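S.K.: kindly generate the corresponding structure for this input.
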Amino acid sequence: MQRISITPRPYWKDKCDEVGFHFYEIDGLYWNESVCYQFTSEQIDEIEAATQELHELCLEAVDCIVSEQRYQQLSIDPDFFELCCRSWTREDLSLYGRFDLAYDGVNPPKLLEYNADTPTALLEASVVQWMWLEEVFPDADQFNSIHEKLLAQLQAIYQTLPPRRRYLHFTCERDTEEDLGTVEYLRDLAMQAGFETKHLYIDEVGWDSDRMCFCDLEYQPIELMFKLYPWEWIVDDEFSEFLLREAMQLLEPPWKMILSNKAILPILWELFPDHPNLLPAYFDSSPLRHPYISKPIFSREGANISIYYGDRTYQTQGIYQDVPVIYQAYFPLPEFQGCYPVVGSWVIGDEAAGIGIREDRTPITQNTSQFIPHYFI
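M.R.: Residues are numbered from 1 along each chain as shown. Sure thing, here's the model as predicted:
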């Protein structure tokens, strides 16, 4: 595994715009092709195997949590936990998720956390870096079948649905260019899979009390909706009680709120202690030695994370100050030329599908971290 400096394509912005990737300069330079990461095929095999293994462990953990009714450890409302249980028992299909791994090319990949509900960095991982590879390293390869597997999984979901649920609404927050770009990419794939689609923002989703259904601005019923909007935020919404009636099917399905909760990390360690791809994690800090880390169970983009070194503490800012936390052994990210990469390894349906790399000049990946393309030889 190497970090290599290269010359950016002179027309790279035009190429990004062509595929709907317009947020390459969000919060400064986000897509950075002045460098790239090179892997060997053996290292890629190791990442793929670890990703598949972690996915299987996570499914076992969900089954344990559901069967043992461990909703209190996850701070999930009992009614919504029951919704999770029904969704799990029905085997509701999932679309995607992204494991964030610490990996240096030498030691086994370590799971930092699982973005199982609303992962982003998708369009750039699937389409943009593949396009970059074909133009810059045409004789090399890339761990990347994300696009093809997303399409196949959307087709599989389509085939399981009755005709009335083959109209798929897509939603996200307003004024989030990255979220909108991700949603529009997935909406294009859904149309290729056979769905009729419509985009609306989350504040445009309504409830029709006469027909007892969710609806869009044209009062068309919403039977199926992909939401790039976290389950934990939905649970706190004024309309959330109507979701308990299952008047609308959502992607990701309710059972994914178990895996998107960082309380899954200590539960995974409890169920599979000393697994080579897991880090020690607990609900209290007493079993851990310095340095260790605390993470809010509901948080994203590296917000409100603390690293305890003993004599000092490093903290990131955020909006999750009052959220319960878990504690995890601190595993330092590898450093390449003063930068710290995190490997985002994608699971589409039930299959490992490819990676995207985010790097920062601090030990914690945040929303300002850059995306770096990769290849292997």
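S.K.: now the strands for the stretch 151-300 of the chain?
M.R.: Counting by DSSP state E, counting those that start in this stretch, the stretch 151-300 of the chain forms strands over residues 167-172, 196-201, 206-208, 213-215, 224-228, 249-251, 281-282, 292-296, given from the N-terminal end onward.
S.K.: how about those strands, which one is nearest residue 139?
M.R.: Nearest to residue 139 among those is strand 224-228 (35.8 Å), distances taken as CB to CB. Where C-beta positions appear, they are placed from N, C-alpha and C, glycine not excepted.
S.K.: so what's the gap between stretch 365-373 and the chain middle?
M.R.: From the chain centre to the centre of stretch 365-373 is a distance of 14 Å (CA atoms, centre = their mean, to the nearest Å).
S.K.: for the record, mean pLDDT for the biggest helix by length in the chain?
M.R.: Longest helix in the chain, counting residues (DSSP state H): helix 41-68. When the per-residue pLDDT values of helix 41-68 are averaged, the result is 98.
S.K.: could you give the angle of the helix or strand that comes right after that helix to helix 41-68?
M.R.: Helices and strands here follow DSSP states H and E; after helix 41-68, the next one along the chain is helix 78-90. Compare the direction of helix 78-90 with that of helix 41-68 by axes from the mean of the first three to the mean of the last three CA atoms, to 10 degrees and you get 120 degrees.
S.K.: ok, and what's touching helix 78-90?
M.R.: Among residues not part of helix 78-90, those counted as contacts by CB atoms under 8 Å, 6 or more residues apart in numbering are 62-63, 66, 69, 71, 74, 76, 235, 240, 243-244, 246, 253-255, 257-258.
S.K.: which residues of the stretch 101-250 of the chain score low on pLDDT?
M.R.: Across the stretch 101-250 of the chain, no stretch falls below the confidence threshold (pLDDT under 70).
S.K.: wait, residue 370 sits on residue 30?
M.R.: Yes - when contacts are counted by CB atoms under 8 Å, residue 370 is listed as touching residue 30 (5.9 Å).
S.K.: joint contacts of these two?
M.R.: Shared contacts of residue 370 and residue 30, defined by CB under 8 Å, 6+ apart, are not found at any residue.
S.K.: for the longest helix of the chain, packing partners?
M.R.: Other helices and strands packing on helix 41-68, by 3 or more CB pairs under 8 Å, 6 or more residues apart in numbering; DSSP states H and E, are helix 78-90, strand 96-102, strand 110-115, helix 256-259, helix 264-271, strand 340-348, strand 351-360, strand 374-376.
S.K.: other SSEs contacting the last one?
M.R.: To tie it back to what came earlier, the one meant is strand 374-376. Using 3+ CB pairs under 8 Å, 6+ apart as the contact criterion, the secondary-structure elements in contact with strand 374-376 are strand 35-39, helix 41-68, strand 351-360.
S.K.: now the ones you listed as a markdown table including mean neighbour count and distance to residue 298?
M.R.: Listed next are the helices and strands packed on strand 374-376 as a markdown table, based on neighbours: other CB atoms under 10 Å; distance: least, CB to CB, whole Å:
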| stretch | mean neighbour count | distance to residue 298 |
| --- | --- | --- |
| strand 35-39 | 20 | 31 |
| helix 41-68 | 17 | 16 |
| strand 351-360 | 23 | 21 |
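S.K.: need the ones you listed in CSV (columns: distance to residue 7).
M.R.: CSV is the format used below for these (distance: least, CB to CB, whole Å):
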stretch, distance to residue 7
strand 35-39, 11
helix 41-68, 25
strand 351-360, 19
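S.K.: follow-up on the earlier one: would you turn the strands of the stretch 151-300 of the chain into a markdown table with mean neighbour count and distance to residue 262?
M.R.: Shown next, in a markdown table, are those (neighbours: other CB under 10 Å; distance: least, CB to CB, whole Å):
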| stretch | mean neighbour count | distance to residue 262 |
| --- | --- | --- |
| strand 167-172 | 22 | 22 |
| strand 196-201 | 16 | 27 |
| strand 206-208 | 15 | 30 |
| strand 213-215 | 19 | 29 |
| strand 224-228 | 22 | 19 |
| strand 249-251 | 20 | 21 |
| strand 281-282 | 21 | 9 |
| strand 292-296 | 21 | 5 |
